[in-house]
Structure formats: C-alpha cells, structure tokens
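Asks: Next input, structure requested:
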Amino acid sequence: MKTLDEQQRQRLLEGVDEIGRQVMVVYRRDFDVETKADNSPLTEADLLANRLLTTLLQEVLPDTPVLSEESKQAGYDVRRHWVRYWLIDPIDGTKEFVKCSDEFTINVALIENGVPVFGIVQAPALEQTWWGQTGIGAFKRTNGESHPIKTRALPDPGQAPWKVVGSRSHGASAFEAFCHELPNHERVSMGSSLKLCLVAEGAADLYPRLAPTCEWDTAAAHAVVLAAGGDVLDVSTLNPLRYNQKESLNNPFFIVCRGTDERWVKALEHARSLA
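Replies: Numbers count the residues shown, from 1 in each chain. Model (predicted):
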C-alpha cells in the first residue's frame, strides 16, 4: 500500500503548521480548562486542534477513519477491520500546556496494518517539528529548515555516557530502578512525546516507559523513530509495539531504542520485577 506522496506530505506539514499557530493563539491568552472523566485536563486548544486536524486529514485522505483522543472512539468490533487509519492526539501533554511549560505537541500518525508508517510531531511553542515516513526517512524542522535525523548507536559507556530520557511525573520508581542497573549514563527529563523524538534524533539513547500510555500518545513519534532507524519495543516480549490489536487503547510498557543490548535488557528485567 502506497503511504503518502510528496504533495500529501507537504499539505499535512503546512496544515499542522497552521493548526500550531492557532493553538499558540489560545496558549498565549487566558483559556478555559475542563476536567475529563479520567481526571485529565481538557482545554479549548484540544478541541480546536481536534476539529482542525480532523478536517485536514479527511481532505488529504478522504474516507480514511480518524481515531482521536478527543472524539468518540469506535469500538473494536469496528476498528478491527481498519487496515489504514489516522491516529491523533490533538494536544499531547495537556498538563504541560496548562502549566505553560512549552513541552506539548500536536501528534498525527497514519497507521497501516498496526504499524505507524507516517507521523508528525509538532511542538508549536518550541517552533520545532519532527516527521518521518517509512521508506523516506525522518526529519526535524527548525525555523523553516529541515534536516534528516537518525538514531545513534549506543556509545561505549567507558568513552561517553548513555543518555536516558524519562518522564518527570510517571513511573519514577521503576525508571530509577532501571537506571540503577545501567553502566555510565546521564538522565534527561522531558514532557509529552518529545521523549521519543529525542531518541529519533540521536539526542538520547533509551526511553523506557514503565507507566501507562495510550496509543494516541505514542503513534506519531513512534513513526518518526521507525523512520529514523529506531525501535519501540514491548518490554515484556521485546517485540515491536503494534496498534489496534485489541479492544483497549492502552499501550503495554515499552522501551524506545536502536536495537537491543544485553546490558539494558538486564536492567529492564530488574525494573520490571519491582514494578
């Protein structure tokens, strides 16, 4: 199945840029915040981005389903027949948005047969965009200029520390246990799906996620990681993470990496035993 051609990719990148600008208008003024049933925040920016993204995606690929955090989700009896669909998180990191930390993103992924084959992650407050497509490669855009990005091979820890990225607020004890078993390393904290993008661009080596996430949280950045030569693996099996395989839209715990290494695999087993 042909994924997206150059014209479609350009329309999506331009469209997400415009949506990012409109989100920033909300971000720079007072905005309303509601609380959803799961006690997570919802802002008018989430709803605005959701509406605009849905319109854009239906324009680029008509008749392709759109699954969004902020829309009513189709049941698995319907979704299980989807070969190709959009998976979006209009504002990933809404808590960061509310705190005005700048570490929030707009996430757009195209899923084919359970695999994220195209993704855009835009951080409008940081004026940066990461995108990638299977067979094309991964790229980072800053100040309107794009350059290719790749994951990096793990360095010799005796020569340079591994860089391990983690969440500021989720799974702290398991992350600490994982890091305790690693060789020489440095830790980096970051919000939202930017953590996966750091691995994609070679600014970090590992991102163990030992706390809950949903499929829309990860799909777009997962596509970028794959296009950059990296992996997102289920920590229980070390098999690639896949989407739309079950009724629940919750991800298993996972690790973002470039290939496996017995040193971090052992550290992961130790962390899982304490989780």
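Asks: count of neighbours near T237?
Replies: The criterion is other Cβ atoms under 10 Å. On that basis, T237 has 9 neighbouring residues. Every C-beta, even on glycine, is put in place using the N, C-alpha and C of the backbone.
Asks: Would you mind measuring from it to R272?
Replies: Separation of T237 from R272 (Cβ to Cβ, to the nearest Å): 12 Å.
Asks: Scan the protein for its longest helix.
Replies: In the chain, with assignment by DSSP state H, the single longest helix is helix 6-27.
Asks: Does anything pack onto that helix? Which helices or strands?
Replies: Using 3 or more Cβ pairs under 8 Å, 6 or more residues apart in numbering; DSSP states H and E as the contact criterion, the elements in contact with helix 6-27 are helix 44-60, strand 105-112, strand 115-123, strand 128-133.
Asks: Parallel or antiparallel, list what pairs with the next helix or strand after it.
Replies: Of the helices and strands lying after helix 6-27 in sequence (DSSP states H and E), the nearest is strand 33-35. Based on DSSP bridges, the strands next to strand 33-35 in the sheet, each with its direction, are strand 41-43 (antiparallel).
Asks: and the partner strand, which residues are buried?
Replies: Judged by neighbour count using 16 or more other Cβ atoms under 10 Å, the buried positions of strand 41-43 are 42-43.
Asks: Start from the N-terminal end of this structure and give the strands.
Replies: Ranges of strands in the chain, per DSSP state E, are 33-35, 41-43, 66-68, 84-92, 105-112, 115-123, 128-133, 137-142, 145-149, 162-166, 185-189, 207-209, 231-234, 254-257.
Asks: Give me the neighbour count for the nearest residue to G75 once chain neighbours are set aside.
Replies: For G75, the nearest residue in space outside its immediate sequence neighbours is E247; the separation is 7.4 Å by Cβ to Cβ, 6 or more residues apart in numbering. A total of 10 residues lie near E247 under the criterion other Cβ under 10 Å.
Asks: Go ahead and confirm E247 touches A74.
Replies: No: under the criterion of Cβ atoms under 8 Å, E247 lies out of contact with A74, with a separation of 10.9 Å.
Asks: What's the end-to-end length of stretch 34-42?
Replies: The straight-line separation of the ends of stretch 34-42 (Cα to Cα, to the nearest Å) is 5 Å.
Asks: oh, I was asking about stretch 55-72
Replies: Across its full length, stretch 55-72 reaches 16 Å end to end, with Cα to Cα as the criterion.
Asks: Name the surrounding residues that touch that stretch.
Replies: The set of residues that contact stretch 55-72 without belonging to it, under Cβ atoms under 8 Å, 6 or more residues apart in numbering, is 4, 8, 11-12, 15-16, 19, 42, 46-47, 50, 53-54, 73-74, 79, 82, 84-90, 108, 110, 214, 216.
Asks: Could you measure from L13 over to E34?
Replies: With distances defined as Cβ to Cβ, the gap from L13 to E34 amounts to 30 Å.
Asks: more crowded one of those two?
Replies: L13 (17 against 11).
Asks: In this model G132 seems to touch that one, though I could be wrong.
Replies: No: judged on Cβ under 8 Å, L13 makes no contact with G132 at a distance of 11.7 Å.
Asks: what number of residues lie near L53?
Replies: 25.
Asks: so what's it scoring on pLDDT?
Replies: pLDDT, the model's per-residue confidence, is 98 for L53.
Asks: which ones are touching it?
Replies: For L53, the contacting residues are 16, 19, 66, 68, 88, 90, 106, 108, taking Cβ under 8 Å, 6+ apart as the criterion.
Asks: Quickly name whichever of those is closest to P161.
Replies: Closest approach to P161 among those (Cβ to Cβ): I106, at 31.9 Å.
Asks: related to what we said a few turns ago, may I see the strands of the chain organised as JSON lines, with distance to K266 and mean pLDDT added?
Replies: Converted to JSON lines, the strands of the chain look like this (distance: least, Cβ to Cβ, whole Å; pLDDT from 0 to 100):
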{"stretch": "strand 33-35", "distance to K266": "41", "mean pLDDT": "86"}
{"stretch": "strand 41-43", "distance to K266": "38", "mean pLDDT": "88"}
{"stretch": "strand 66-68", "distance to K266": "36", "mean pLDDT": "96"}
{"stretch": "strand 84-92", "distance to K266": "31", "mean pLDDT": "96"}
{"stretch": "strand 105-112", "distance to K266": "32", "mean pLDDT": "98"}
{"stretch": "strand 115-123", "distance to K266": "28", "mean pLDDT": "98"}
{"stretch": "strand 128-133", "distance to K266": "30", "mean pLDDT": "98"}
{"stretch": "strand 137-142", "distance to K266": "29", "mean pLDDT": "96"}
{"stretch": "strand 145-149", "distance to K266": "29", "mean pLDDT": "93"}
{"stretch": "strand 162-166", "distance to K266": "14", "mean pLDDT": "94"}
{"stretch": "strand 185-189", "distance to K266": "14", "mean pLDDT": "91"}
{"stretch": "strand 207-209", "distance to K266": "13", "mean pLDDT": "95"}
{"stretch": "strand 231-234", "distance to K266": "15", "mean pLDDT": "98"}
{"stretch": "strand 254-257", "distance to K266": "13", "mean pLDDT": "97"}
